[in-house]
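Enquirer: predicted model follows, preceded by the sequence.
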There are 2 protein chains.
Amino acid sequence: MNTPVRCDLLIRKITSLVTVASGAPGALSSPGWDDLGIIENGALAVREGTILAVGKDAAVARTVVPASHCEIVDGSGKMLLPGFVDPHTHFLFAGSREKEYGMRAEGIDYMEIRRRGGGILSSVRSFRAASDETLLCAGADRLDRFLRNGTTTVEGKSGYGLTVDEELRALRLMNRLNERHPLDVVPTFLGAHDVPGEYAGKRADYVRLVIDEMIPAVAGHAEFCDVFCEKGVFTVGESRAILEAGKRCGLLPRLHAEEFAPIGGGKLAAEVGALSADHLLVVPEEDVIAMAKSGTVAVFLPGTSIGLAKNEFADPSLFRKHGQPIALATDCNPGSSFTESMPAVISLAVSLGGLTVPEAIVGATRNAAAAIGRLDRVGTLEAGKRADCVLFDAVDPCAIPYRYSTNLACCVVKNGAVALRADQVFLPNGRNSQ
Amino acid sequence: MNTPVRCDLLIRKITSLVTVASGAPGALSSPGWDDLGIIENGALAVREGTILAVGKDAAVARTVVPASHCEIVDGSGKMLLPGFVDPHTHFLFAGSREKEYGMRAEGIDYMEIRRRGGGILSSVRSFRAASDETLLCAGADRLDRFLRNGTTTVEGKSGYGLTVDEELRALRLMNRLNERHPLDVVPTFLGAHDVPGEYAGKRADYVRLVIDEMIPAVAGHAEFCDVFCEKGVFTVGESRAILEAGKRCGLLPRLHAEEFAPIGGGKLAAEVGALSADHLLVVPEEDVIAMAKSGTVAVFLPGTSIGLAKNEFADPSLFRKHGQPIALATDCNPGSSFTESMPAVISLAVSLGGLTVPEAIVGATRNAAAAIGRLDRVGTLEAGKRADCVLFDAVDPCAIPYRYSTNLACCVVKNGAVALRADQVFLPNGRNSQ
């Protein structure tokens, strides 16, 4: 008989322990309820930031012993999920562009908004003008909001600097936030986000700058290389050259593809072996087939329908048909989706975007982890993985999208430590939540 | 020269004071930016729960003097709005119906959901089985969430009791919550919400019960009488008879109209002089014309698109064309829209429902107050009105829908008292928000 192992965090009597760990390894296509791997009356034990045991409460109690300093959390009446992984954000920015949003709602088109000083290049101006301290404060504030909404790992892209120095600064600041903040920040180089004003009419020169100077400079500071491959932004040929240059410097490829025009971004993502292709509102079937073959995860960003005030969503049926895994992300950015809430994105994906609840939950956890190459560490609740998990004030995963715009996260555990508890949230009349 | 008046609450140096008090009196049709009546660098002074002065900071400072006990709030970098008025909710319920939501997302239709025990009648069973204490706790928890999202007045409907005693109990409990909780609760009798199981196949008998017994019993406990006038629920003729019976007992009429089938609910609302007709997704133009003539406010409930997982919204263009005022509401209920957030509803209305930002802000304040006959007291920030207002961590009204699913309310004032402050909200790392 084995000696029980000591744990330093123990979540007990969890009414619904949603492990998302059932079935085949890797990202899942068309997941159903079984794939959520729900354990009723479960427990999860943690030691030094790593999950030690997950299972029925009684079974876990037999295998672990709480250490003297162990924190014990009561999960009764609650649901535990893996911390959300947000695989596509541009969270490190300065300034805010709500006026553009208001203009769009009045029917003013993008070119006119650009003429009035809006668009990505307005965020580039704000970023360049902002001090490190301003950006760190704004970034930390957003990471706080991600965490409060149950996200424990967030990808973050550069792309508002658009010079060698400013792109490098963006990545260094994200790496600094990663060290300082409980959340894990996964940095992506997106020098090819747009062509900056000083290169207007000289796009080829800017692409050369990205390939010859930026990529060698940022290698080691980022994990991924991304390109905004889109009609009027970067062509498939330019995107290919940039992603290949990134690969030569150790940056794994990912891609903004087929958001507005079907120019072949999905196929390119498959060709270069991208971990993910993101947006995909207008993706042709042949691109989906290519992505399915290459194992490229499809990342849907339904929040942009809110930010762009247009009622269009990526169509899940084509992806289901070809067994293509779908992940979800906020796309948190000042132009088209200023939210830090994965639950909000899950709501939109299910209510308006046609996903089922299991597809959306898997998309926000397991498949999202696969989209940023982190499925070995996070995205499911299994022994040996990092103890990133969230207790929700609900017992059914349907509650997350159903209770629209309501934050049900009541205890967020990051790296095995309780990072946030809702009982510290103030309520009127001196009453506190349970 | 007048002696300055003493105030007991003073909000100073407000970057954007959005009074919504500009232009003509009453509800507004097609409001624009001017109708928001924005004062830059404004101040608002309160005495004994009533607004004493609103204007430029310097001007207000000349007319009022803070009393010794006066609370002074700094509004710099912030935006002040009237507290939201939510004119259509069913917030007093027991149980939760997230499983039905999950079924709908999988394409299971309403009749099958009913067969499996879902639908309104499942909430009726839960309500009847719940104790007063259970309902009061659930109700107070929801009122807390309304308040945290910036709502200071909420309409609440009965309609999960569907017997004389249970309907009366619902209204009594709402009146008790109104006394106990800072929020103002405006009770509406909705005995004609559905036909309860015990009257299956005997709808005429149930209508008689509503008219002959319920209405006389609830008079004095409710302000309004509402009917779910819809194909398969109550006909126009039955709805008319119920609303007229309500009027004879002092209950002002309002109506659920034209949500699924255009059966003439809008016209009926106009005919009986209803303060509002609500839903209106499929309203014919002639009904809009009738409503415009009678001064019936159109209440849009875009949150039901989330709860019903169907991407359809009421069309504002027809209402604009006929000068018809539009209000917004959450429809907070367990079947089709479980949210307490007016900001979320504003986001949906602007991003997906085609409203402009000024239309949505006016719809959530001034026109919403008109929809429940409260515009003499709330809905705008003007001297003499009740001091219900909310400070937001933003300076432009566009920020509310733009920062989707993000609660920017940082100080909620109800009846002249600070009911809630965001600096009491816990953030990770021991940092607190400003």
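Expert: Good, I have the coordinates. Numbering: from 1, shown residues only, chains lettered A, B, ... in the order given.
Enquirer: quick check: closest non-adjacent residue to residue A:22.
Expert: residue A:37 (3.4 Å; CB to CB, 6 or more residues apart in numbering or on different chains). From N, CA and C alone the C-beta is placed, and that goes for glycine too.
Enquirer: can you confirm residue A:291 is in a strand?
Expert: No - counting by DSSP: H, G, I helix; E, B strand; the rest coil, residue A:291 falls outside a strand, being helix.
Enquirer: need the residues of the stretch 1-150 of chain A near chain B, please.
Expert: Proximity of the stretch 1-150 of chain A to chain B (CB under 8 Å from any CB of the partner chain) is limited to residues A:96-99, A:101-102, A:105-106, A:140, A:144-145, A:147-148.
Enquirer: and if we set it to 7 Å?
Expert: A:96, A:98, A:99, A:101, A:102, A:105, A:106, A:144, A:145, A:147 (CB under 7 Å from any CB of the partner chain).
Enquirer: between those, which is closest to residue B:275?
Expert: residue A:105 (27.4 Å; CB to CB).
Enquirer: that closest one contacts residue A:308, doesn't it?
Expert: No - between residue A:105 and residue A:308 there is no contact under CB atoms under 7 Å: 10.2 Å.
Enquirer: those two - which one has more neighbours?
Expert: residue A:105 (23 against 19; other CB atoms under 10 Å in any protein chain shown).
Enquirer: backbone dihedrals for the more buried one, please?
Expert: phi -70, psi -20 (degrees, to the nearest 10).
Enquirer: from residue B:22, how far out is it?
Expert: Residue A:105 sits 20 Å away from residue B:22, going by CB to CB, to the nearest Å.
Enquirer: with residue A:35 instead?
Expert: 55 Å.
Enquirer: ok, now residue A:96?
Expert: Using CB to CB, one gets 25 Å for the distance from residue A:96 to residue B:22.
Enquirer: these two: who's more crowded?
Expert: residue A:96 (20 against 17).
Enquirer: surely that one touches residue A:334?
Expert: Yes - counting by CB under 7 Å, residue A:96 touches residue A:334, with 5.8 Å between them.
Enquirer: contact partners for the residue lying closest to residue A:222 once chain neighbours are set aside?
Expert: Excluding its sequence neighbours, the residue lying closest to residue A:222 (CB to CB, 6+ apart) is residue A:189, at 4.0 Å. Residues near residue A:189 by CB atoms under 7 Å, 6 or more residues apart in numbering or on different chains: A:158, A:167, A:171, A:218, A:222, A:224, A:225, A:251.
Enquirer: where does residue A:189 land in three-state SS?
Expert: strand.
Enquirer: partner residues bridging it?
Expert: Beta bridges link residue A:189 to residue A:225, judged by DSSP bridges.
Enquirer: ok so, going back, now, which of the residues of the stretch 1-150 of chain A next to chain B lie within strands?
Expert: Among these, DSSP state E puts none in strands.
Enquirer: and the residue of the stretch 201-350 of chain A found nearest chain B, helix, strand or coil?
Expert: Nearest residue of the stretch 201-350 of chain A to chain B (CB to the nearest CB) works out as residue A:344 at 3.4 Å. Under the three-state scheme (three-state DSSP), residue A:344 adopts helix.
Enquirer: which one is it nearest to, not counting chain neighbours?
Expert: In space, residue A:344 comes closest to residue B:405 once its chain neighbours are excluded; the distance is 3.4 Å by CB to CB, 6+ apart.
Enquirer: wait, residue A:15 sits on residue A:80?
Expert: No - proximity of residue A:15 to residue A:80 does not meet the contact threshold set by CB under 7 Å, at 8.9 Å.
Enquirer: higher neighbour count, the two?
Expert: Using other CB under 10 Å, the more surrounded residue of residue A:15 and residue A:80 is residue A:80, with 26 against 18.
Enquirer: give me the residue at the spatial middle of chain A.
Expert: In chain A, the C-alpha nearest the mean C-alpha coordinate belongs to residue A:86, at 1.3 Å (CA atoms, centre = their mean).
Enquirer: let me see the contact set for the nearest residue to that residue once chain neighbours are set aside.
Expert: Residue nearest to residue A:86 in three dimensions, not counting chain neighbours: residue A:154, with 4.6 Å by CB to CB, 6+ apart. Applying CB under 7 Å, 6+ apart, we find residue A:154 in contact with A:86, A:89, A:91, A:146, A:183, A:185.
Enquirer: nearest to chain B, out of these: which one, please.
Expert: Nearest to chain B among those: residue A:183, at 8.7 Å, using CB to the nearest CB.
Enquirer: secondary structure class for the one residue in the stretch 151-300 of chain A that gets nearest to chain B?
Expert: Residue nearest to chain B within the stretch 151-300 of chain A (CB to the nearest CB): residue A:182, separated by 6.0 Å. Recorded secondary structure, residue A:182: coil (three-state DSSP).
Enquirer: give me phi/psi at it?
Expert: Given degrees, to the nearest 10, the pair of backbone angles that residue A:182 has is phi -60, psi -30.
Enquirer: ditto for residue A:73
Expert: Dihedral angles for residue A:73 - degrees, to the nearest 10 - are phi -110, psi 140.
Enquirer: and for the one 5 residues further on?
Expert: With angles defined as degrees, to the nearest 10, residue A:78 shows backbone torsions of phi -120, psi 170.
Enquirer: right, and it touches residue A:15 too?
Expert: Yes - if you go by CB under 7 Å, residue A:78 and residue A:15 touch, sitting 5.9 Å apart.
Enquirer: who does the longest strand along chain A pair up with?
Expert: Ranked by residue count under DSSP E, the longest strand found in chain A is strand A:5-18. With DSSP bridges as the test, strand A:5-18 is paired with strand A:38-47 (antiparallel), strand A:64-74 (parallel), strand A:79-82 (parallel).
Enquirer: what is the subsequent helix or strand relative to the shortest one?
Expert: Of the helices and strands lying after strand A:79-82 in sequence (DSSP states H and E), the nearest is strand A:84-86.
Enquirer: sheet partners, orientation included, of that next one?
Expert: Using DSSP bridges, strand A:84-86 pairs in its sheet with strand A:151-157 (parallel).
Enquirer: right, I'll call it a day here.
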